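Asker: Can you look at this prediction? I've put the sequence above it.
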Amino acid sequence: MSQNQFDQKSQAWSALFSEPMSDLVKRYTASVFFDKRLWQADIAGSLAHAQMLGAQAIICAEDLASIEKGMAQISAEIASGAFEWKLDLEDVHLNIEARLTQLVGDAGKRLHTGRSRNDQVATDVRLWLRGEIDLIVELLVELQRALVATAEQHIDVILPGFTHLQVAQPVSFGHHLLAYVEMFARDAERLSDVRRRTNRLPLGAAALAGTSYPLDRELVAVKLGMVDEQGRPCVCQNSLDAVSDRDFAIEFSAAAALCMVHISRFSEELILWMSQSFGFIQIADRFTTGSSIMPQKKNPDVPELARGKTGRVVGHLMGLLTLMKGQPLAYNKDNQEDKEPLFDTVDTLKDTLRIFAEMVGGQLNPATGKKEGGITVKPEAMERAALKGYATATDLADYLVKKGLPFRDAHETVAHAVKAAITHNVDLSELPLAVLQEFNPKIEKDVYQHLSLRGSLNARDTLGGTAPSQVRAQIARHQARLG
Ligand code: ARG
């Protein structure tokens, strides 16, 4: 088929059609302007398919050589920007196939033997997403490294830990940051798990029912690296399912949405901590903006936007679930709508992770070999805030328990002590011993070391607790894990 004939075909699919598509319908049904980003996966899939067709003697060696040569040229054209994408040719698959046929003639027309765009597009999206997952996992490692490095510098910095946003107990700032490291580690784990189910081959399912050609699907899977940990090929085992389900994309979006939710929670804290009321931290100026009217302002735009973009990624997950829910087997054109939400999810998550790694950890200064310009911590402000809300009340109760009181009684006793401290507008540690002893005569001088922020922190020395020794141990574990 010449290019001319192909163009004619795109006006109307075949002799079966009596009229061409209107321009509006062409625009409505075309996907090339977004799915062209799948071009590398499309060519890789086509080459693996063609090589398998050659190995199975379904096409001859000369045709395979022509296809390989043509695809090399097409890759170069696309990479250099010389390739002309045509709306008339609907999508990335038909654009590349048409150009191949234009370049190598009949060999190009033989490429589609035993294949349909249905299994082709499912393969392309999986291949593309697999690569993106790998990049995202790397970015998550970078962000975790930045958090761990910042935590390491602030193991002994104390801030109030909150529940219900009320001062609860003192915690180490390092410990606080490591909570996010745990979240991002699980996000990476989830994505690696999604990758296993994404990395399976639909090709060979053809339109929906399989094909009459003697394809070797496992060979194609191996060529495309769709293999398990033991190197065994991973091939979708039901042709109807292979071309129609997009659960791998939905799972990915769910993992991405959750990761953004973690970023959003962190953003919320950064925003609070930067506010004048808290004054706990500063982020570098390049992540903030001023106000056009209020000259004193420095707004935390980046964390705010990340919090906002979380809504958008959660929305994409809802979009994909809704896209899938009414579809009968097998492929339906609805599935073309999976791409834009998926692409935008990937773009948003990657950009956000990149920015956060730099905002937390700073930028590498080549002169010193050190990272600079990350979060600036204000330990005095954090400690001052921790001293405000009777954060060591639990420690006084624990002290009384050690003197033999049942915990519930100790709890009640301390409530009275806190009330007295509030009346006198002092911290528990500022109440004279004689006053404390009025609440319970078992209280002795040694109580004061328990009532200090540092004493409280040091006491929480169970695995996963906020005592500096525990935080240090966790940092070492993360460093070994992250390399
Ligand atoms: N552009 C289509 C998509 O993204 C490719 C598959 C089209 N298949 C079909 N039978 N119309 O899903």
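Answerer: Received the coordinates, thanks.
Asker: In this structure, which residue sits furthest out from the middle?
Answerer: Relative to the centre of the chain, the most outlying C-alpha is that of Ala434, 56.0 Å out, by C-alpha atoms, centre = their mean.
Asker: Quick check: which element contains it?
Answerer: Per DSSP states H and E, Ala434 falls inside helix 433-439.
Asker: any idea of the mean pLDDT for that helix?
Answerer: Per-residue pLDDT over helix 433-439 has a mean of 96.
Asker: The closest residue to Leu329 other than its chain neighbours: neighbour count?
Answerer: On the basis of C-beta to C-beta, 6 or more residues apart in numbering, the spatially nearest residue to Leu329 that is not a chain neighbour turns out to be Leu240, at 4.8 Å. In this view, the C-beta of every residue, glycine as well, is placed from N, C-alpha and C. Neighbour count for Leu240, taken as other C-beta atoms under 10 Å: 15.
Asker: same question, Ser292
Answerer: As a measure of burial, Ser292 has 7 neighbours, counting by other C-beta under 10 Å.
Asker: One more: Arg408?
Answerer: 10.
Asker: distance of it from the ligand?
Answerer: Distance from Arg408 to the ligand, counting by C-beta to the nearest ligand atom, to the nearest Å: 63 Å.
Asker: How is that residue assigned, secondary-structure-wise?
Answerer: helix (DSSP: H, G, I helix; E, B strand; the rest coil).
Asker: List, one by one, the residues from this protein near the ligand.
Answerer: Proximity of the chain to the ligand, by C-beta under 6 Å from any ligand atom, involves residues Ser31, Asp35, Asp91, Arg117, Asn118, Val121, Tyr331, Lys333, Asn335, Gln336.
Asker: Just the buried positions in the helix or strand harbouring Asp134, please.
Answerer: Using DSSP H and E, Asp134 falls within helix 117-153. Buried residues in helix 117-153, defined by neighbour count with 16 or more other C-beta atoms under 10 Å: 117-130, 132-133, 136-137, 139-152.
Asker: ditto for stretch 92-111
Answerer: Buried-residue list, stretch 92-111, by 16+ other C-beta under 10 Å: 92-104, 107-108, 110-111.
Asker: Quick check: closest non-adjacent residue to Asp63.
Answerer: Nearest non-adjacent residue to Asp63, counting by C-beta to C-beta, 6+ apart: Ala107, 4.0 Å away.
Asker: Tell me the predicted confidence for the one you found.
Answerer: What the model reports as pLDDT for Ala107 is 98.
Asker: Then Lys297?
Answerer: You'll see Lys297 listed with a pLDDT of 82.
Asker: Asp344 too?
Answerer: pLDDT, Asp344: 98.
Asker: What of the one 4 residues further on?
Answerer: In this prediction, Thr348 carries a pLDDT score of 98.
Asker: Is it correct that it falls within a helix?
Answerer: Yes - the assignment for Thr348 is a helix, going by three-state DSSP.
Asker: Tell me who's in contact with it.
Answerer: Contact partners of Thr348, counting by C-beta atoms under 8 Å, 6 or more residues apart in numbering, are Met260, Lys309, Arg312, Val313.
Asker: Remind me which helix or strand the third one belongs to.
Answerer: In this structure, Arg312 is located in helix 301-325 according to DSSP H and E.
Asker: which SS class is Lys371?
Answerer: Following three-state DSSP, the label given to Lys371 is strand.
Asker: Just give the closest residue to it, not the sequence neighbours.
Answerer: Distance criterion C-beta to C-beta, 6+ apart; nearest residue to Lys371, sequence neighbours excluded, is Gly362 at 4.1 Å.
Asker: Now the phi/psi pair for Pro160, please.
Answerer: With angles defined as degrees, to the nearest 10, Pro160 sits at phi -70, psi 130.
Asker: Count residues in the vicinity of it, would you?
Answerer: Other residues lying near Pro160 total 22 when counted by other C-beta under 10 Å.
Asker: Please report the distance of it from Arg246.
Answerer: Look at Pro160 and Arg246: by C-beta to C-beta, to the nearest Å, they are 45 Å apart.
Asker: now do Leu219
Answerer: 25 Å.
Asker: Give me the more crowded residue out of the two.
Answerer: Ranked by neighbour count (other C-beta under 10 Å), Leu219 and Arg246 place Arg246 first, with 22 against 17.
Asker: So the more buried one is in contact with Met324, correct?
Answerer: Yes - between Arg246 and Met324 there is a contact under C-beta atoms under 8 Å: 6.0 Å.
Asker: Centre of the chain to stretch 369-378, how far?
Answerer: Distance, stretch centre to chain centre, for stretch 369-378: 24 Å (C-alpha atoms, centre = their mean, to the nearest Å).
Asker: outside of it, which residues touch it?
Answerer: With C-beta under 8 Å, 6+ apart as the criterion, stretch 369-378 contacts 146, 149-150, 153-154, 157, 173, 270, 279-284, 286, 358-365.
Asker: Give me the secondary structure label for the closest residue to Leu103 other than its chain neighbours.
Answerer: Distances taken as C-beta to C-beta, 6+ apart put Gly70 closest to Leu103, at 4.3 Å, once the chain neighbours are dropped. Counting by three-state DSSP, the backbone at Gly70 sits in helix.
Asker: Equivalent analysis for Pro170, please.
Answerer: strand.
Asker: Kindly report the same for the one 5 residues further on.
Answerer: At His175, secondary structure determined by three-state DSSP is helix.
Asker: do you know how far it is from Gln474?
Answerer: 8 Å.
Asker: For the residue nearest to Asp63, give me its contacts.
Answerer: Counting by C-beta under 8 Å, 6+ apart, Ala107 makes contact with Ile59, Glu62, Asp63, Leu64, Ser66, Ile67, Gly70.
Asker: Pick out whichever of those sits closest to Gly210.
Answerer: Ile59 (18.9 Å; C-beta to C-beta).
Asker: Could you check the pLDDT of the closest one?
Answerer: If you check Ile59, the pLDDT there is 98.
Asker: Show the contacting residues for Thr123.
Answerer: By C-beta under 8 Å, 6+ apart, Thr123 lies in contact with Ala41, Gly45, Leu201, Pro202, Leu203, Leu224.
Asker: again, only using 7 Å
Answerer: Shown in contact with Thr123 (C-beta atoms under 7 Å, 6 or more residues apart in numbering): Gly45, Leu201, Pro202, Leu203.
Asker: No more questions from me, cheers.
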